[in-house]
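the amino acid sequence is not available; the structure is as follows:
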């Protein structure tokens with residue numbers, strides 16, 4: 001019986017047209033090097049997605065600015081409605097009265113209501129009623145977004161800055177090292193490597209090949225894991241020189257899938273290595289040790305530490321390129 005022909009690995013959803021001109025398809029932080037056009041910023045992201053995914057510093061700045069702006073707006077409304085409708089004000093100057101209206105707005109917005117100043121006029125009561133309702137809704141929304149940001153599971157996996165081509169048994173292998181950056185437990189970690197390169201005959205096309213690994217999964221991840229792709233006769237890296245990696249605009253795409261024991265959810269992490277990130281003829285140094293109490297130690301500051309070695313099968317490379325890192 002004739003065996004079914006193995007399906008060719010053609011695309012990852014990134015397209016097979018080579019439009020990047022040597023740039024990354026996936027950035028080291030896992031984001032895609034893609035610019036989407038034709039939609040506004042909020043149409044593309046959505047307001048909730050924008051708030052939940054922005055950096056913490058930007059999110060905190062937005063909260064503070066929004067809080068100040070809203071209170072400034074309501075203080076202006078109180079002033080326009082007539083400050084004689086606010087009983088208990090003591091300031092005489094314009095700036096003093098406006099600041100008292102501003103702080104009254106802050107007390108109303110947060111429902112603190114200290115009581116020295118209180119609305120007595122019709123319009124000031126209307127404004128205070130609207131502000132108190134808006135404050136309750138705004139703080140409920142902010143609380144939900146804060147919870148969503150804190151509770152959103154994500155994998156903090158540390159990658160070695162460089163990948164290496166190192167001796168491996170009776171051959172060479174492509175290797176890089178990863179470690180869990182947090183103290184939480186990741187289990188059932190699975191990794192997929194894809195070899196992306198430009199077609200030699202038609203440089204407008206980009207091709208993809210899956211890379212076989214020494215080990216694709218591990219059950220536990222308390223220390224480090226060196227990912228190994230043996231360069232066998234079936235490997236697309238077989239016989240490649242450093243210049244071949246450059247000319248073919250090689251990029252190794254990485255997808256990691258793991259189960260986060262803290263959140264009881266599956267998390268993902270993406271990254272990539274370009275040809276310029278690969279050091280040919282090097283191996284990673286051991287960064288595991290044991291302390292005086294017999295506990296295994298891992299020095300993550302040295303995760304990229306490596307040393308030069310001779311390869312099992314020599315690869316012709318340019319000296320200055322191989323000295324990178």
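Perfect, thanks for sending it. For clarity, every value in this text was computed on a predicted model and none was experimentally measured. Residues are numbered from 1 along each chain as shown.

contacts and neighbour counts: CA atoms only from here.
OK.

which parts of the protein are helices?
41-45, 47-53, 56-81, 94-109, 122-151, 242-247, 319-322 (DSSP state H).

count of residues packed around residue 27?
17 (other C-alpha atoms under 10 Å).

let me fix that, I meant to ask about residue 298.
Applying other C-alpha under 10 Å, we find 17 residues neighbouring residue 298.

how about residue 261?
Every residue meeting other C-alpha under 10 Å relative to residue 261 is counted, giving 12.

ok, back up a step: go through the helices of the chain and pick out the most buried.
helix 94-109 (a mean of 19; mean count of other C-alpha atoms under 10 Å).

so which residues make contact with that helix?
71-72, 74-76, 78-79, 83, 89-91, 113-114, 117, 128, 131-132, 134-136 (C-alpha atoms under 8 Å, 6 or more residues apart in numbering).

out of the helices of the chain, nearest to residue 170?
Proximity to residue 170, assessed across the helices of the chain by C-alpha to C-alpha, is greatest for helix 242-247 (20.5 Å).

which secondary element of the protein has the worst mean pLDDT?
Counting by mean pLDDT, DSSP states H and E, the weakest-scoring helix or strand in the chain turns out to be helix 319-322, with a mean of 41.

still on that earlier bit, quick one: which of the helices of the chain is nearest residue 275?
helix 242-247 (5.6 Å).

tell me the confidence at the closest residue to residue 306 other than its chain neighbours?
Leaving aside its chain neighbours, residue 306 sits nearest to residue 284 (4.1 Å; criterion: C-alpha to C-alpha, 6 or more residues apart in numbering). In this model, residue 284 is scored at 95, pLDDT.

how many residues are close by residue 170?
11.

can you show me the strands along the stretch 151-300 of the chain?
157-159, 163-168, 171-180, 186-198, 206-210, 217-220, 224-230, 251-260, 265-274, 278-280, 282-284, 288-290, 296-298 (DSSP state E, counting those that start in this stretch).

other residues contacting the last one?
Contacting residues not belonging to strand 296-298 are listed as 223, 224, 287, 288, 289, 290, 291 [C-alpha under 8 Å, 6+ apart].

buried set for stretch 262-270?
266, 267, 268, 269, 270 (16 or more other C-alpha atoms under 10 Å).

just these now: which is nearest residue 210?
residue 270 (15.4 Å).

please name the nearest non-neighbouring residue to the closest one.
Here the residue nearest residue 270, using C-alpha to C-alpha, 6+ apart, is residue 30, at 4.2 Å.

outline the domain layout of this protein.
42-151, 157-322 (automatic domain parsing).

now those in CSV, with distance to residue 23?
Listed next are these as CSV, based on distance: least, C-alpha to C-alpha, whole Å:
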stretch, distance to residue 23
domain 42-151, 23
domain 157-322, 8
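
still on that earlier bit, residues in contact with the residue nearest to residue 306?
164, 304, 305, 306, 307.

what's the most distant pair in the residues you listed?
Farthest pair in these, by C-alpha to C-alpha: 164 and 305, 11.0 Å.

give me the more crowded residue out of those two.
Ranked by neighbour count (other C-alpha under 10 Å), residue 164 and residue 305 place residue 164 first, with 23 against 16.

before we move on, the earlier item: next, work out how far apart the residue nearest to residue 306 and residue 304 are.
7 Å (C-alpha to C-alpha, to the nearest Å).
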